[in-house]
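Colleague: Need a 3D model of the sequence below.
(chains A and B)
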Amino acid sequence: MSADAVVRTARSRRARLAAGDVVAWICGGIIALAVLVAILGPLLAPHDPNAADLNDQFVGPVAGHPLGFDAQGRDLLSRLLAGARTSMLGPAAVVVLAMAAGVLAAVTAAWRGGWVDAALGTVMDVLFSFPGILLAILASAVFGPSLWAAVIALSIAYTPYVARVLRSAAVRERAQEYIAAAEVQGASAVAICARHLVPNVAPLIVAQATLLFGYAMVDLAAISFLGLGVQPPQADWGVMVSTGKAGVLQGYPAESLAAGLCIVVVVVAVNLLGERLGERRR
Amino acid sequence: MVAFVLRRLALLVVALLVSSFVIFAGLQLAPGDPLAALSGGRSLPPEALEALRAQYRLDDPFLVQYGNWLVHAVQGDLGQSIAQRHDVATIIGERIGVTAQLVALAAVIILVAGVGLGVLAGLRRGPVDAAVLVVTTLLAAIPSFVAAIVLMSVFAVQLGWFPAVGAGDGFADRLHHLVLPAIALAASALAIVARVTRASVREELEREHVETAVSRGLPRRLVLRRHVLRNAAIPIATVSGITILSLIALSAVVERAFGINGLGATLVQAAAAKDLALVQGISLVLVAAFVVGNTLVDLVYAVLDPRVTVGSRAA
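Modeller: Here you go, the predicted model:
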C-alpha cells in the first residue's frame, strides 16, 4: 500500500467515526427531546388533550391546531404531547425491572457457577418459551387490562435475554486475576460484584438497556393497540394508533399515522444509539 | 449427537409442562368468579350455582384441576368456553387455519425478500449495500401494527388494490386478503433477517479460504455457491427460524388490525372478556407451537453445524 493510500484510509476511517458520532448525537437529541416531552407533555400541550367537540371531527390543520383533530374532535398535537408520558414511562420501567433481574441472575450464575448456574440457565430456558406479547395478554386476563400488568409481564419475558448476554460477559470477568486477588484479600462476594464486576461490564449493560428500551416501546404500544394496556380515553401513542383506525378506514389517517410516526422515530433513534454503544465496546 | 438430541427433547418436555402449569395456575389465580361471565351479572339461585360449579368442576382441589385439565388437553379436550358456550377445541380448530396461513405467507416473504436483500447487500459493496442498510434500519423499527395501518391506509383505502378487513373465502380470495397483513407481520422480521444475512455473507467473503479460492482463479459463481453461501446458511437458517416463530404471538396484533378472525384475535377478545378456558386453550396451543418450533430450530442448527454437538459433549 502506498503512503498516499494509507493516508486516505486513515482519513476515511476518521470521517466514518465522525459521521457515526453525528448520528449518535442526533439520536441522543431525539431521545432527550422525547424524555423532555414525556415529563412536561401535559404542560406543553396547547389544548386539553381530552376536550372533545364532534363539530371538529377529522378537521385538518387550522390556526392554533397545527395537526388538526381526531375522530372525536380532540386536538391531535395536544394528544401526541400528552401521550408521550405513558409511551416513554412504560418502556423505561420495563428496562429498569428487566435489567435489574437480568443482571442479578447473570452475576449470580457467573459467580456461583456449578449447579446454581445450571439451575438459573434452565429457568431462563423455560422463560424463553413465553413470547412477551403472549405473557402480557395472559397478564391482562388475570389482572385486568392495564399498563402496569403489561410492564410486569414484559419485564419477566425480557429477563432471560438480558441474563443470557450478560452471563457470558460476567463469566469472562469472573476469571480475571483481580477478582481472585480481591477474594484473597477477604472482600465479600457482594462487595466485589457491586464494586468491580458490575462496573466493568457496565458498557454492555448500557448498550443492552438501550436496545431493550426500543423493543419494550414497540411491544407495549402493541399491547395498548390491542386494548389490553393503557386504556382510552387516556392519550398514549399505541392507543392512538388503534383509536385512529376508524379514521384510516374513512380516509383520515392523520391520528394513526402521527402516533405511529412518533413511535418509529423514537425507536429508530434508540436502536441506532444502542448499536453504536455496542460497537464502541469492541 | 444423540445425547444432544435427547437433552434438547427433555428440555422441550420440561418447558411444555412448566408453561402449561403457568398458564393454568396464573389464570386460576385471576380474581373474580368464573361463573360471573355466565350469569351475566344476574344473581342466580344457590342450587343453580351449585350445579354449575359441579358441571365445570370448580370445587376440585387445585392440583387435581390442573391434572384433569392437562390429561384432557393432551387428548384434545380443552374444556368449555363459559362465555361462548362452545367447545374450546372446536373454536381453536375453526380459527387456527387462517393464523397458520398468515404466518406461513409472512414466512415466505421473510425468506425470499429478507435473505434476498441480505445476500445482495453482502455481495455488493457501495450504494446497493448502503441502501439496504438504511431501508432495513427503518423497517426494523416499524412495529407491525403501524405497518398494518400504513399499508391499510395506502393500498386498501386510498388505492383500493386490496381489501381492508376480513380474511376472504376460497384460495385466491384468501390470498388477496392476507397479502397486506402478511407484509405487515413480516416487515420488521424481514429487516432483521436481511441484516444477519448481510453480515454473515460479508464474514464468509473475507475468510482466507474464500480469498484463496478467488486468487486461484476459480469461477466466482462456484466460490460463492460452494464456500460463501453454504457456510453463511447456518446463521441465516437459525435467525430466520427464530424470527418466524416470534410471529406466532405477534399475529394477534395484525389480526386485530385487519379484523381477521384468527387464533390471536380470538385470544385478545377472550382475555378482555375474562373467558379463562378459552385463554388457557389458545395460550397452550400458541406456546406449544413456539416451544416445539424452537426445539426444531436448535436441532436443525445442530445438524448444519456439527461444532454445536461436539461442544455440548465437551461441556
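
Colleague: Report the buried residues of the helix or strand where B:G281 lies.
Modeller: Using DSSP states H and E, B:G281 sits within helix B:276-304. Residues B:276-291, B:293-295, B:297-299, B:301-302, B:304 are the ones in helix B:276-304 that count as buried (16 or more other C-beta atoms under 10 Å in any protein chain shown). Yep, even glycine has a C-beta here, placed from its N, CA and C like the rest.

Colleague: Ok, stretch B:89-96 next?
Modeller: For stretch B:89-96, the neighbour count (16+ other C-beta under 10 Å) marks B:A89, B:I91, B:I92, B:R95, B:I96 as buried.

Colleague: Chain A next: which of the residues you listed are close?
Modeller: Among the buried residues of stretch B:89-96, no residue is within reach of chain A (C-beta under 8 Å from any C-beta of the partner chain).

Colleague: now, which of the residues you listed sits nearest A:L211?
Modeller: Nearest to A:L211 among the buried residues of stretch B:89-96 is B:I96, at 33.1 Å by C-beta to C-beta.

Colleague: what's the residue most central in space within chain A in contact with, if anything?
Modeller: For chain A, A:F213 is the residue whose C-alpha lies nearest the centre (C-alpha atoms, centre = their mean; 1.2 Å). Neighbour list for A:F213: A:P91, A:A92, A:V94, A:V95, A:V270, A:G274 [criterion: C-beta atoms under 8 Å, 6 or more residues apart in numbering or on different chains].

Colleague: Repeat the analysis, applying 10 Å as the threshold.
Modeller: A:31, A:88, A:91-92, A:94-95, A:99, A:266-267, A:270-271, A:273-274 (C-beta atoms under 10 Å, 6 or more residues apart in numbering or on different chains).

Colleague: Repeat that for A:L97.
Modeller: Per C-beta under 10 Å, 6+ apart, neighbours of A:L97: A:V151, A:I152, A:L154, A:S155, A:I156, A:Y158, A:T159, A:A216.

Colleague: That one: which element?
Modeller: Counting by DSSP H and E, A:L97 is part of helix A:76-112.

Colleague: Next, the buried residues of that helix.
Modeller: Buried residues in helix A:76-112, counted by 16+ other C-beta under 10 Å: A:76-95, A:97-99, A:101-111.

Colleague: Skipping adjacent residues, who's closest to whatever residue of the stretch 151-282 of chain A ends up closest to chain B in space?
Modeller: Going by C-beta to the nearest C-beta, chain B is nearest to A:G260 of the stretch 151-282 of chain A, at 3.6 Å. Distance criterion C-beta to C-beta, 6 or more residues apart in numbering or on different chains; nearest residue to A:G260, sequence neighbours excluded, is B:V146 at 3.6 Å.

Colleague: list the contacts for the one you found?
Modeller: B:V146 touches A:218, A:221-222, A:225, A:237-238, A:241, A:256-257, A:259-264, A:267, B:184, B:187-188, B:257, counting by C-beta under 10 Å, 6+ apart.

Colleague: mind listing which of those are in helices?
Modeller: With helices taken from DSSP state H, the overlap with these comprises A:218, A:221-222, A:225, A:237-238, A:241, A:256-257, A:259-264, A:267, B:184, B:187-188, B:257.

Colleague: Next, work out how far apart B:H72 and B:F24 are.
Modeller: For B:H72, the distance to B:F24 equals 12 Å [C-beta to C-beta, to the nearest Å].

Colleague: Among these two, which residue is more densely surrounded?
Modeller: Comparing B:H72 with B:F24 by other C-beta atoms under 10 Å in any protein chain shown, the one with more neighbours is B:F24, at 21 against 13.

Colleague: Now that one: closest residue in space that isn't a chain neighbour?
Modeller: B:F24 sits nearest to B:Y66 (C-beta to C-beta, 6+ apart), 5.1 Å away.

Colleague: so the one you found makes contact with B:G26?
Modeller: No. Applying C-beta atoms under 10 Å as the test, B:Y66 and B:G26 come out as separate, 11.5 Å apart.

Colleague: Which residue of the two possesses the greater neighbour count?
Modeller: Each of B:Y66 and B:G26 has its neighbours counted (other C-beta under 10 Å); B:G26 has more, 19 against 16.

Colleague: so who does that one touch?
Modeller: A:L135, A:L138, A:A139, A:A141, A:V142, A:F143, B:L276, B:V279, B:Q280, B:S283.
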